[in-house]
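K.L.:
sequence? don't have it. structure:
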Ligand SMILES: Nc1ncnc2c1ncn2[C@@H]1O[C@H](COP(=O)(O)OP(=O)(O)OP(=O)(O)O)[C@@H](O)[C@H]1O
Ligand SMILES: O=C(O)C1=C[C@@H](O)[C@@H](O)[C@H](O)C1
């Protein structure tokens, strides 16, 4: 009774902290989860290379899947299921690249796979249903401001999504094929610590970004988002300015500290040279359209 799944990280088009509407795109950098079911009654999480990191999110994901699969059929006499869950990730935690959504999706999918439940069959558990369990887990353990259904849906479904995080509703999804440049400074910014009140002050800008994103004008949407949220969250706009005007779009990703840019490959290589003079790491990748998969 083992399951393994991998989920992509994501970059931001629109941060949902201002209005509850958000938009994100899956990128080709993965978090993998391995779940092993047992009859211990305990759920124990581990994060590779981060022995002191908070494992409550992935433990809660396993717990919610077991509860929803059980449907209240277990009795006092039946052995209670337990599990170990271990994640391994290409992207650093709390860096703005949606590692929490990827970890939640990979864990939910790996647990479903260990239980032999197929998310592609409507009568069992849909992909969106699986995604909503991960969002619920994130809310339960307090690692998110809005639930982050935007990040979670991009990672679960692949492509670029626009969502209403107040209602966990998908407003649009499109498969895109972009080159992506990522810059991650050597620090962490936890979404749960972000100043939501300051973000709410830029709601008119967020509404404009949502309109652009829903029109498919993702590049300009990202750039407006970048300037607005760098201001609200106190991050430098220098990486945005050094990427402009050549890129199609550039933004702070999530609640920072990473930045993402999209555009032609050669243009991004030029921006990478400039971003490499900053402290931290940069890498070139692409968008991802398959979303979360069992492996
Ligand atoms: N690879 C992982 N394995 C298990 N749990 C993780 C992993 N990555 C993140 N988490 C959980 O998510 C929390 C960090 O969430 P947070 O939303 O701040 O980061 P993020 O998703 O990288 O940022 P953002 O939402 O800005 O993209 C961690 O404290 C941990 O509980
Ligand atoms: O925690 C949250 O609710 C969020 C965090 C960031 O990734 C944002 O980009 C996202 O829109 C919402």
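P.N.:
Nice, thanks for sending it over. In this text, all values refer to a predicted model and were calculated from it rather than measured experimentally. Numbers count the residues shown, from 1 in each chain. Ligands and ions are numbered 1, 2, ... in the order given.

K.L.:
Quick check: closest non-adjacent residue to the residue in the stretch 151-295 of the chain positioned nearest to ligand 1.
P.N.:
For the stretch 151-295 of the chain, the residue closest to ligand 1 is residue 254, as judged by C-beta to the nearest ligand atom, at 2.6 Å. (C-beta placed from N, C-alpha, C; glycine too.) Distance criterion C-beta to C-beta, 6 or more residues apart in numbering; nearest residue to residue 254, sequence neighbours excluded, is residue 96 at 3.6 Å.

K.L.:
what about stretch 125-139, average pLDDT?
P.N.:
In this model, stretch 125-139 has an average pLDDT of 95.

K.L.:
With stretch 65-85 instead?
P.N.:
pLDDT averaged over stretch 65-85 gives 78.

K.L.:
Near the residue of the stretch 151-295 of the chain closest to ligand 1, how many other residues are there?
P.N.:
Neighbour count for residue 254, taken as other C-beta atoms under 10 Å: 33.

K.L.:
is it true that it touches residue 101?
P.N.:
No. Using C-beta atoms under 8 Å, residue 254 makes no contact with residue 101, being 9.4 Å away.

K.L.:
about what we covered before: show the pLDDT at the residue nearest to residue 254.
P.N.:
Reported pLDDT for residue 96: 97.

K.L.:
Check whether the longest strand belonging to the chain comes near ligand 1.
P.N.:
Looking across the chain with DSSP state E, the single longest strand is strand 21-38. Yes. Judged by C-beta under 6 Å from any ligand atom, strand 21-38 comes into contact with ligand 1 at residue 31.

K.L.:
Please identify the buried residues of that strand?
P.N.:
Buried residues in strand 21-38, defined by neighbour count with 16 or more other C-beta atoms under 10 Å: 21-27, 29-37.

K.L.:
Stretch 136-143 now?
P.N.:
Buried, per 16+ other C-beta under 10 Å, within stretch 136-143: 136-139, 141, 143.

K.L.:
where's residue 54 relative to residue 232, distance?
P.N.:
25 Å (C-beta to C-beta, to the nearest Å).

K.L.:
The residue nearest to residue 254 reaches residue 255, doesn't it?
P.N.:
Yes. Counting by C-beta under 8 Å, residue 96 touches residue 255, with 6.1 Å between them.

K.L.:
who touches both of those two?
P.N.:
residue 189 (C-beta atoms under 8 Å, 6 or more residues apart in numbering).

K.L.:
More neighbours: those two, which one.
P.N.:
Comparing residue 96 with residue 255 by other C-beta under 10 Å, the one with more neighbours is residue 96, at 31 against 28.

K.L.:
Show the contacting residues for the more buried one.
P.N.:
12, 184, 189, 252-258.

K.L.:
near ligand 2 too, which of those residues?
P.N.:
Intersecting the contacts of residue 96 with the surroundings of ligand 2, defined as C-beta under 6 Å from any ligand atom, gives 12, 254-255.

K.L.:
State the number of residues packed around residue 17.
P.N.:
Residue 17, neighbours per other C-beta under 10 Å, totals 27.

K.L.:
Could you report the neighbour count for the nearest residue in space to it that is not next to it in sequence?
P.N.:
Closest residue in space to residue 17, ignoring its immediate chain neighbours: residue 199 at 3.8 Å, by C-beta to C-beta, 6+ apart. Neighbourhood size, residue 199 [other C-beta under 10 Å]: 23.

K.L.:
Which elements pack onto the strand or helix carrying residue 199?
P.N.:
Applying DSSP states H and E as the criterion places residue 199 in helix 196-200. Judged by 3 or more C-beta pairs under 8 Å, 6 or more residues apart in numbering; DSSP states H and E, helix 196-200 is in contact with helix 218-233.

K.L.:
pLDDT on the helix or strand following the helix it packs on, on average?
P.N.:
Using DSSP H and E, the helix or strand that follows helix 218-233 in sequence is helix 238-243. Helix 238-243 carries an average pLDDT of 98.

K.L.:
For helix 238-243, name the packing helices and strands.
P.N.:
Judged by 3+ C-beta pairs under 8 Å, 6+ apart, the packing partners of helix 238-243 are helix 218-233, strand 249-252, strand 259-263, helix 265-275.

K.L.:
pretty sure residue 108 is touching residue 65, no?
P.N.:
Yes. The pair formed by residue 108 and residue 65 meets the contact definition of C-beta under 8 Å, at 5.6 Å.

K.L.:
tell me, what's touching those two both at once?
P.N.:
residue 133.

K.L.:
Same drill for these two, tell me which one is more crowded.
P.N.:
residue 108 (35 against 27).
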